[in-house]
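> any chance you can model this:
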Amino acid sequence: MAFPVTRLRRLRQNEIFRAMVRETEVDCDDLIMPYFVCPGTGVKNPINSMPGNYQWSVDLLVEEVKDLVEKAGINKILLFGIPEHKDETGEVACHEDAIVPRAIRALRKEINNLLIVADVCNCEYTTHGHCGTIIDGDVNNDLTLKTLSEQSLTLARAGADIIAPSDMMDGRVAAIREMLDENGFSNTPIMAYSAKFASAFYGPFRDAAESAPKFGNRRTYQMDPANGNEALREVEEDIVEGADMVMVKPALSYLDVIRRVKDNYNMPLVAYNVSGEFSMVKAAAANGWIDESRIINEILTSIKRAGADVIITYHAKEFGLLKRAKK
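As a prediction, the model looks like this:
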């Protein structure tokens, strides 16, 4: 039937109708909040390019995450570390007393209802800022697998619920899976950054994590933003190697990739609403150009509508607080 018998506006005429037929709803259970943990005590360093985000010392991170769980209803976090010192290979992140394992143990001691995802990469821990061991001016794939596997085991031993390799080395999911399984962590899932693109949207994150490359760029290992078919190959490879969840990063400029991954693979799919996407919203809101709360909801809804089951976002705490305020 066509107009005038069919009138699609009939089911839009008030909020009760709109809520009843709403196809996509973002819930706090869908969200993961990222945090940056640094050395020291009593430290809360503001990240200027990411308003409302900080580098937290372990003691204050524990209090902040308690607040996240109790007040915002978000009980899943992703941890990144800023170490006391860096080295050439990222080996510093493999030590039991490295910054993220210390944070995990402290969080485990104080907070029960919390899922901790531990990012696995070397860029925050290397003097050169690249994601692995440098040989002849480029990251050596196979040597890097060793530190990634060792770092993963250390994080699992500290109490991480999920290991999330973000380095984009070939074969790293298989190497990490083997390391975990051989050491009694066969039940620890891997959330693979499967289709991670070499994006300009990472700029604020590199300020926050102090991880900008000291030379060159990451285009020899992160994906070309123009390639959608290759993204599917990356995802499939990670699934074959044993990934339990796959990820597309960034989210907003890659909604088409999210949809294609969801249509092609029956896997839990994560999307990362990255720092640059977050900071653009903050900048526009600070200038009074947008309604920030509506924009946050619209962005997260678009990512979920595209096919994401889980969304990593710096908006998570704000979203949770807004959600609870409406109840």
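
> tally up the residues packed near Tyr54, please.
Using other Cβ atoms under 10 Å, Tyr54 has 18 neighbouring residues. In this view, the C-beta of every residue, glycine as well, is placed from N, C-alpha and C.

> please read the previous query as pertaining to Pro101.
That count, for Pro101 with other Cβ under 10 Å as the rule, works out to 24.

> mind listing what Pro34 touches?
Ile77, Leu78, Leu79, Phe80, Ile312, Thr313, Tyr314 (Cβ atoms under 8 Å, 6 or more residues apart in numbering).

> include pLDDT when you put those residues into TSV, please.
As requested, the contacts of Pro34 are exported to TSV (pLDDT from 0 to 100):
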residue	pLDDT
Ile77	98
Leu78	98
Leu79	98
Phe80	98
Ile312	98
Thr313	98
Tyr314	98
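
> could you dump stretch 304-318 to PDB, C-alpha only?
Output in PDB follows, covering the C-alpha atoms of stretch 304-318 (Å, rounded to 0.1, in the frame of the first residue of the first chain):
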ATOM      1  CA  LYS A 304      25.400  -0.200  17.000                       C
ATOM      2  CA  ARG A 305      23.000   0.000  14.100                       C
ATOM      3  CA  ALA A 306      25.900  -0.700  11.700                       C
ATOM      4  CA  GLY A 307      26.400  -4.000  13.500                       C
ATOM      5  CA  ALA A 308      28.600  -3.500  16.500                       C
ATOM      6  CA  ASP A 309      27.800  -5.600  19.600                       C
ATOM      7  CA  VAL A 310      30.200  -3.800  21.900                       C
ATOM      8  CA  ILE A 311      31.500  -0.200  21.600                       C
ATOM      9  CA  ILE A 312      34.700   1.100  23.200                       C
ATOM     10  CA  THR A 313      34.100   4.900  23.700                       C
ATOM     11  CA  TYR A 314      35.400   7.800  25.800                       C
ATOM     12  CA  HIS A 315      31.800   8.900  26.000                       C
ATOM     13  CA  ALA A 316      30.900   5.800  28.100                       C
ATOM     14  CA  LYS A 317      30.800   7.500  31.500                       C
ATOM     15  CA  GLU A 318      28.900  10.500  30.200                       C
END
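
> out of the contacts of Pro34, who's nearest Ala118?
Leu79 (5.5 Å; Cβ to Cβ).

> how close does that closest one sit to Pro101?
10 Å (Cβ to Cβ, to the nearest Å).

> what lies in contact with the strand or helix carrying Arg206?
Per DSSP states H and E: Arg206 is located in helix 203-209. With contact meaning Cβ under 8 Å, 6+ apart, helix 203-209 is reached by 36, 47-50, 53, 55, 80, 82, 123-124, 211-212, 274-276, 278-279.

> now with 10 Å?
Helix 203-209 is contacted by residues 34-36, 38, 45, 47-51, 53-55, 80-82, 119, 121, 123-125, 129, 202, 211-213, 272, 274-280, 282, 314 when judged by Cβ atoms under 10 Å, 6 or more residues apart in numbering.

> could you pull out the strands for the stretch 1-150 of the chain?
Secondary structure of the stretch 1-150 of the chain (DSSP state E, counting those that start in this stretch): strands located at 31-38, 44-46, 54-57, 76-81, 115-120, 134-135, 138-139.

> nearest to Asp263, of those strands?
Closest among the strands of the stretch 1-150 of the chain, once you apply Cβ to Cβ, is strand 31-38, at 23.0 Å.

> go through that closest one and flag the buried ones.
Leu31, Ile32, Met33, Pro34, Tyr35, Phe36, Val37, Cys38 (16 or more other Cβ atoms under 10 Å).

> where does Val248 fall, phi/psi-wise?
phi -110, psi 130 (degrees, to the nearest 10).

> how about Glu91: what's its closest non-neighbour residue?
Leaving out its chain neighbours, the residue that sits closest to Glu91 by Cβ to Cβ, 6 or more residues apart in numbering is Thr147, at 5.9 Å.

> next: Ala284.
Among residues not flanking Ala284 along the chain, Ile290 sits closest, at 4.7 Å (Cβ to Cβ, 6+ apart).
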